[in-house]
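Engineer: got a structure for you, letters missing:
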């Protein structure tokens, strides 16, 4: 499967339950549902809490809990400060809370200060003269090279394991070059995301919605059928950032130019020995602040001449998803109706 094809898990809360359409919204009234979901994730991660801290799990719209009323005041306070500073993201929940319910007022000891949120990278010595184009070419060759051109469809089956913990059956269908549908069952209800090459949709227990703007761009990237071939188009300005280590193995790190409104470009990590892509780190913008995400690609297996990761682990600020695949089939019939809402 494409390394970018699984970047959109079902919309569920921090305990694995289905999300509901927001009601009784009094402050974050100008957001799309995806932006609203991102804002909730940002607040959970910033304060180190779960949804029930502010919400009644039997009635999400209820205002009975003090923390929910306090949260509205804090959101408005942050917006007022940012308006004064002339920058929507100058300060955020995390500026003070740092993953704790109550903001600290004393400095930590040097040994207690938090680790960096991204993988440490060391500059590559000039003598090694590593070129980004060579890393990308090695990735294409290591993952199958000409075998990619012989594939037209892909059907992947497996499961999504989350840190709640919860397990959901999953199935993803692709048609080259850029049509796909992902389908996950949450308590028997299907959660789907679709891109037909031009338009995109998502459907869950809240109904079906067209994708626009950043959401549509995300679906386009998810729908890439052959990532090793499409990589230069997706990332036209890759540059060598340096070297690092993942799981004790040496990796080469490429940095992409940022895409608006992303605050910085993605970082791609390639195993120096195998040439395969093993990690992507990305930062997106939520209405309340930057959201870092990491995808680790593991358990590569050869299927019909190409190497694919059978395990994809996504790490978000407040939980993780692990996509574990049991079967991958190529060049099987896929009905065009699959790629329609």
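Structural biologist: Sure, I can see it. Quick caveat: nothing in here was measured; it's all calculated off a predicted structure.

Engineer: any idea which helix or strand comes after the helix or strand in which residue 158 is found?
Structural biologist: When secondary structure is defined by DSSP states H and E, residue 158 falls within strand 153-162. Proceeding N to C from strand 153-162, the next assigned helix or strand is strand 166-175, under DSSP H and E.

Engineer: Please find the angle between the direction vectors of that following strand and strand 153-162.
Structural biologist: With axes from the mean of the first three to the mean of the last three C-alpha atoms, to 10 degrees applied, the angle from strand 166-175 to strand 153-162 works out at 160 degrees.

Engineer: Each with direction, which strands does strand 166-175 pair with?
Structural biologist: Strand 166-175 has these partner strands in its sheet, going by DSSP bridges: strand 153-162 (antiparallel), strand 179-186 (antiparallel).

Engineer: deepest of these, which one?
Structural biologist: Between the strands paired with strand 166-175, the one whose residues have the most neighbours on average, counting mean count of other C-beta atoms under 10 Å, is strand 179-186 (a mean of 21). Backbone N, C-alpha and C define where each C-beta goes, glycine included.

Engineer: What is the distance between that one and the centre of its chain?
Structural biologist: In terms of C-alpha atoms, centre = their mean, to the nearest Å, the centre of strand 179-186 is found 15 Å from the chain centre.

Engineer: Residues contacting the very next helix or strand once past it, please?
Structural biologist: The element immediately downstream of strand 179-186 (helix or strand, assigned by DSSP H and E) is strand 189-195. Contacting residues not belonging to strand 189-195 are listed as 8, 10-11, 18, 178-185, 200-205, 211, 219-220, 222-223, 339-341 [C-beta atoms under 8 Å, 6 or more residues apart in numbering].

Engineer: ok, which stretches of the stretch 101-250 of the chain are strands?
Structural biologist: Chain-ordered strands for the stretch 101-250 of the chain, with DSSP state E, counting those that start in this stretch as the definition, fall at 153-162, 166-175, 179-186, 189-195, 200-204, 207-210, 239-246, 249-255.

Engineer: and those, which one is worst for confidence?
Structural biologist: Of all the strands of the stretch 101-250 of the chain, strand 207-210 carries the lowest average pLDDT, namely a mean of 86.

Engineer: any idea how far that strand is from the chain center?
Structural biologist: For strand 207-210, the distance from its own C-alpha centre to the chain's C-alpha centre is 20 Å (C-alpha atoms, centre = their mean).

Engineer: Over to stretch 77-90?
Structural biologist: On C-alpha atoms, centre = their mean, the centre of stretch 77-90 falls 26 Å from that of its chain.
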